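Novice: structure here, sequence nowhere to be found:
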């Protein structure tokens with residue numbers, strides 16, 4: 001169950017990310033460049049957490065640097081770029097008058113749908129798509145519906 005604690009840490013941190021980022025953008029008091037200034041500090045935070053945190057864990061675990069596969073490094077870098085592009089997209093959405101409540105709800109409703117589709121394309125389920133059960137499919141529909149409802153009936 002330790003994995004669940006870590007997953008819930010991520011739920012909390014990502015659940016607060018949009019509001020905190022939007023607050024940072026607004027606190028820059030620069031309507032033209034404030035979001036880019038805020039994103040710069042997001043990058044610094046990633047440097048501190050991702051690089052220094054990883055280095056600490058690798059040191060604690062006695063990493064063998066000579067066994068660093070290029071394919072793993074490549075896919076991990078692509079994953080990092082995907083995450084950074086997503087964070088940048090959130091900032092651009094805020095700049096286009098999207099609010100944290102709506103933007104983040106769409107992101108968190110849509111991302112699981114994209115994740116499910118990509119995961120099944122990369123790692124097809126045993127028995128193919130015909131093996132998918134109705135609760136899984138209902139979850140996809142509910143996530144899409146939730147994103148639509150939040151967009152259509154957003155707070156004003």
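Specialist: Cool, got the structure. These numbers were taken from a predicted model, which means no experiment stands behind them.

Novice: and the residue of the chain most remote from its centre, which of the three is it?
Specialist: Within the chain, the residue lying farthest from the chain centre (Cα atoms, centre = their mean) is residue 66, at 30.4 Å. Per DSSP: H, G, I helix; E, B strand; the rest coil, the local secondary structure of residue 66 is coil.

Novice: do you know the pLDDT at it?
Specialist: At residue 66, the model reports a pLDDT of 79.

Novice: do residue 93 as well
Specialist: The model reports residue 93 with a pLDDT of 94.

Novice: could you find the closest non-adjacent residue to it?
Specialist: residue 103 (4.6 Å; Cβ to Cβ, 6 or more residues apart in numbering). Where C-beta positions appear, they are placed from N, C-alpha and C, glycine not excepted.

Novice: hang on, the one you found packs against residue 91?
Specialist: No: using Cβ atoms under 8 Å, residue 103 is not in contact with residue 91; the gap is 9.6 Å.

Novice: dihedrals phi and psi, residue 155?
Specialist: Phi and psi for residue 155, reported as degrees, to the nearest 10, are phi -60, psi 140.

Novice: which non-adjacent residue is nearest it?
Specialist: Among residues not flanking residue 155 along the chain, residue 101 sits closest, at 6.0 Å (Cβ to Cβ, 6+ apart).

Novice: before we move on, back to that, in what helix or strand does the residue nearest to residue 93 lie?
Specialist: Secondary structure from DSSP states H and E places residue 103 in helix 100-122.

Novice: residues touching that helix, excluding its own?
Specialist: 14-15, 17-19, 21-22, 86, 90, 93-94, 129, 136, 139-140, 143-144, 146-147, 150-151, 154-155 (Cβ atoms under 8 Å, 6 or more residues apart in numbering).
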